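In: My questions are about this predicted structure, shown below with the sequence.
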Amino acid sequence: MAAVVLVHGLYHRPEHFAAPAERLRTAGIEVVVPELHRGSLSADTAVVQAAVDALPEPPIVLGHSYGGSVITGVHGAGHLVYLAAFVPDAGESAAGLGGASPQLRDAVVPEPDGSTSLHPDRAVDALYGDCPEPLAARAVGLLRAQAPGCGRGVPERHSWKHTPSTYVVCALDRAIDPVLQRRMASRCTDVREWRSGHSPFVGQPDLVVELVLELLAARPSLPRGAGRVR
């Protein structure tokens, strides 16, 4: 069975991918959405690596925002998709690449335990400004606090250098500068640009579904267990 692994970003949960995940499953695709928030980039990468390793053939692995740093360190993917995501090179981190908008920086709220959260009203503007109000409200309600330091993690591997990859620039993004996105996109095999904000999986999930189905249809059929690169 064809498979896709969907990797969320900072402050997010697997439930944010509920709409595209449901539609892909209805189309017969196996969908895995790991829970991050493991405390470090290396720990987050390990949980995604475990999800990839558990599948019978190399999946499409899609990372959103910080999730791009996570999937960069994963091996065994058939195709990488960077959705408004960071594509770090050697020695680079998401935080070091920059690009966070003033709206996103203003939304961050320090918590007493050293973690941070996002101010709900400001998060709507930065993350879901182009989404219908009910969907944006639900998405904000799902956001969770984030442990410090993950965005400063540096991947140990750089899978985009030897795995086919697609970068999706979100041209109306208010969280990560589209100019930075286009610069990082030059590191990928293929580039798409959508007229969407930072979170099309919330406001325009069909875009995500259609891209995944297109990429799966373009891949050669592999026998069970074939095609893995370690």
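Out: Perfect, I can see it now.
In: gap between Pro178 and Met184?
Out: Counting by CB to CB, to the nearest Å, the separation of Pro178 from Met184 is 11 Å. The C-beta positions use only the backbone N, C-alpha and C, and glycine is treated the same way.
In: higher neighbour count, these two?
Out: Neighbours per residue (other CB atoms under 10 Å) separate Pro178 from Met184, with Met184 holding more: 24 against 19.
In: Spatially central residue in this protein, please.
Out: His64 (1.7 Å; CA atoms, centre = their mean).
In: residues touching that residue, list them.
Out: With contact set as CB atoms under 8 Å, 6 or more residues apart in numbering, His64 has these partners: Leu6, Val7, His8, Gly9, His12, Leu83, Ala84, Ala85, Ser199, Phe201.
In: leaving aside the residues next to it on the chain, what's closest to the fourth one?
Out: Think Gly9. Ser65 (3.1 Å; CB to CB, 6 or more residues apart in numbering).
In: wait, the one you found sits on Val87?
Out: No: applying CB atoms under 8 Å, one finds Ser65 not in contact with Val87, separated by 11.5 Å.
In: which of these two has more neighbours?
Out: The residue with more neighbours, out of Ser65 and Val87, is Ser65; 29 against 26, by other CB under 10 Å.
In: gap between the more buried one and Ala19?
Out: 17 Å.
In: ok, now Glu111?
Out: Distance of Glu111 to Ala19, computed by CB to CB: 29 Å.
In: which residues of this protein score low on pLDDT?
Out: 220-230 (pLDDT under 70).
In: Strands of that one, start to end?
Out: Assigned by DSSP state E, the chain shows strands spanning 3-7, 30-32, 60-64, 79-83, 108-110, 116-118, 165-170, 190-194.
In: Export those strands as TSV, with columns for distance to His158.
Out: Shown next, in TSV, are the strands of the chain (distance: least, CB to CB, whole Å):
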stretch	distance to His158
strand 3-7	16
strand 30-32	22
strand 60-64	13
strand 79-83	11
strand 108-110	28
strand 116-118	27
strand 165-170	11
strand 190-194	17
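In: of all the ones you listed, which lies closest to Ala139?
Out: Nearest to Ala139 among those is strand 116-118 (10.9 Å), distances taken as CB to CB.
In: what's the closest one packed up against?
Out: Counting contacts by 3 or more CB pairs under 8 Å, 6 or more residues apart in numbering; DSSP states H and E, strand 116-118 is packed against strand 108-110.
In: Pairing partners for the strand it packs on, with directions?
Out: Using DSSP bridges, strand 108-110 pairs in its sheet with strand 116-118 (antiparallel).
In: which other residues reach the strand it pairs with?
Out: Under CB under 8 Å, 6+ apart, the answer for strand 116-118 is 11, 107-111, 126-127, 140, 143-146, 148.
In: ok, 10 Å please
Out: Around strand 116-118, the neighbours that count as contacts under CB atoms under 10 Å, 6 or more residues apart in numbering are 10-11, 104, 106-111, 123-124, 126-127, 140, 143-148.
In: Return a ChimeraX selection command for the buried portion of those.
Out: To isolate the buried members of the contacts of strand 116-118 in ChimeraX, using 16 or more other CB atoms under 10 Å:
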select :10,11,104,107,108,123,124,126,127,140,143,146
